[in-house]
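*Asks:* Task: produce atomic coordinates for the following.
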Amino acid sequence: MLQDSRLGRDQLPSQFGLPDKEVILVTKDGYKIRSYVMIQRGEDVAIQSPTVVCFHAHTGNMGHRLPIAQVFFKKLGYNVVMLSYRGYGLSEGRPTEKGLKIDAQTMLEYIKQHPILKHTKLIAYGQSLGGSVAISLVSRNEDKFDALIIENTFLSVPLLVPHIFPALRHLVYLVHQTWKSYKTIKYVHHVPILFLSSLKDELVPPGHMAKLYNISQTSGVKVWRDFENGTHNDTCMQNGFFESIAEFVRDNVWELD
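*Replies:* Numbers count the residues shown, from 1 in each chain. This is a model prediction of the structure:
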């Protein structure tokens, strides 16, 4: 059940050979949210490495995304920061649209005050609902980000519901949220964006991602990558997924002066 996956205990980074650094953040409205902070060994190396802040989808929590973090950290050489939103994993509270936006802002403020991470290039990466969280955060803090990556993200919840009525039971808590990404993405003016879309996505019609791509008005690079056999939850398992991210980051983040 969705409730179980949201409230279940987070897996530990050490189970994936990653630095086991958990940070408990306190939001401005008083909730304690859990995060993992994985920094490359050696200050000089870490500062020169991009930092990816990961925003997870509506099911599971940050612990379920550790296999992705493992590739980012070990294979691609990024610093990785992830959080479980309020009401997910071991984070306090109940998930609301306003609350998740506060959680994301809290994570950003932590990064920008960190003695190492504040000096690194910053990438927001969001899956599904996490893509909406990432778009919202970047649109409000564009000067603090160097890139945005979204995966299987919807235009808005109201526009998504008609397509997923049979599966609505899996998204029931979202009906009180709107997440109008088709509006907020227009406020990303210059950050490069990578769009990752599974063409067999059974929850978010691929047309939503295509429209977000077309609507985006960023003067930065817009890159589209689709995966012919990918479904909503297995995009990261498709051939070329991590290669697409690595290429995008190499061309648009590593090379930035």
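
*Asks:* center of this protein, which residue is that?
*Replies:* residue 126 (2.1 Å; CA atoms, centre = their mean).

*Asks:* Surely residue 53 and residue 123 touch.
*Replies:* Yes: with contacts counted by CB atoms under 8 Å, residue 53 reaches residue 123, the gap being 7.1 Å. Every residue, glycine included, has its C-beta placed from N, CA and C.

*Asks:* Looking at the two, which is more packed in?
*Replies:* A side-by-side neighbour count of residue 53 and residue 123, using other CB atoms under 10 Å, places residue 123 first with 28 against 25.

*Asks:* Quick check: that one vs residue 147, distance?
*Replies:* Using CB to CB, to the nearest Å, we find residue 123 at a distance of 4 Å from residue 147.

*Asks:* now residue 114
*Replies:* 19 Å.

*Asks:* And the two? Which one has more around it.
*Replies:* residue 147 (25 against 17).

*Asks:* show me where this protein has helices.
*Replies:* 2-7, 43-48, 66-70, 97-113, 129-140, 157-160, 181-184, 206-215, 241-249 (DSSP state H).

*Asks:* Please list the outside residues in contact with the last one.
*Replies:* Put plainly, it is helix 241-249. Residues outside helix 241-249 that contact it (CB atoms under 8 Å, 6 or more residues apart in numbering) are 50, 71, 75-76, 78, 123, 125, 147, 149, 192, 194, 196, 223, 225, 227, 235-236.

*Asks:* if we can go back for a sec, including distance to residue 32, mean neighbour count and mean pLDDT, could the helices of the chain go into JSON lines?
*Replies:* Formatted as JSON lines, the helices of the chain follow (distance: least, CB to CB, whole Å; neighbours: other CB atoms under 10 Å; pLDDT from 0 to 100):
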{"stretch": "helix 2-7", "distance to residue 32": "15", "mean neighbour count": "14", "mean pLDDT": "38"}
{"stretch": "helix 43-48", "distance to residue 32": "26", "mean neighbour count": "14", "mean pLDDT": "96"}
{"stretch": "helix 66-70", "distance to residue 32": "21", "mean neighbour count": "19", "mean pLDDT": "95"}
{"stretch": "helix 97-113", "distance to residue 32": "10", "mean neighbour count": "19", "mean pLDDT": "97"}
{"stretch": "helix 129-140", "distance to residue 32": "18", "mean neighbour count": "26", "mean pLDDT": "97"}
{"stretch": "helix 157-160", "distance to residue 32": "27", "mean neighbour count": "18", "mean pLDDT": "82"}
{"stretch": "helix 181-184", "distance to residue 32": "27", "mean neighbour count": "19", "mean pLDDT": "96"}
{"stretch": "helix 206-215", "distance to residue 32": "33", "mean neighbour count": "17", "mean pLDDT": "97"}
{"stretch": "helix 241-249", "distance to residue 32": "31", "mean neighbour count": "19", "mean pLDDT": "98"}
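
*Asks:* Reformat these as a markdown table; add distance to residue 85.
*Replies:* As requested, the helices of the chain are exported to a markdown table (distance: least, CB to CB, whole Å):
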| stretch | distance to residue 85 |
| --- | --- |
| helix 2-7 | 9 |
| helix 43-48 | 26 |
| helix 66-70 | 16 |
| helix 97-113 | 5 |
| helix 129-140 | 8 |
| helix 157-160 | 16 |
| helix 181-184 | 16 |
| helix 206-215 | 21 |
| helix 241-249 | 22 |
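
*Asks:* Relative to residue 31, which of those helices is closest?
*Replies:* helix 97-113 (7.5 Å; CB to CB).

*Asks:* now for that closest one, which elements pack on it?
*Replies:* strand 22-26, strand 32-38, strand 51-55, strand 79-83, helix 129-140 (3 or more CB pairs under 8 Å, 6 or more residues apart in numbering; DSSP states H and E).
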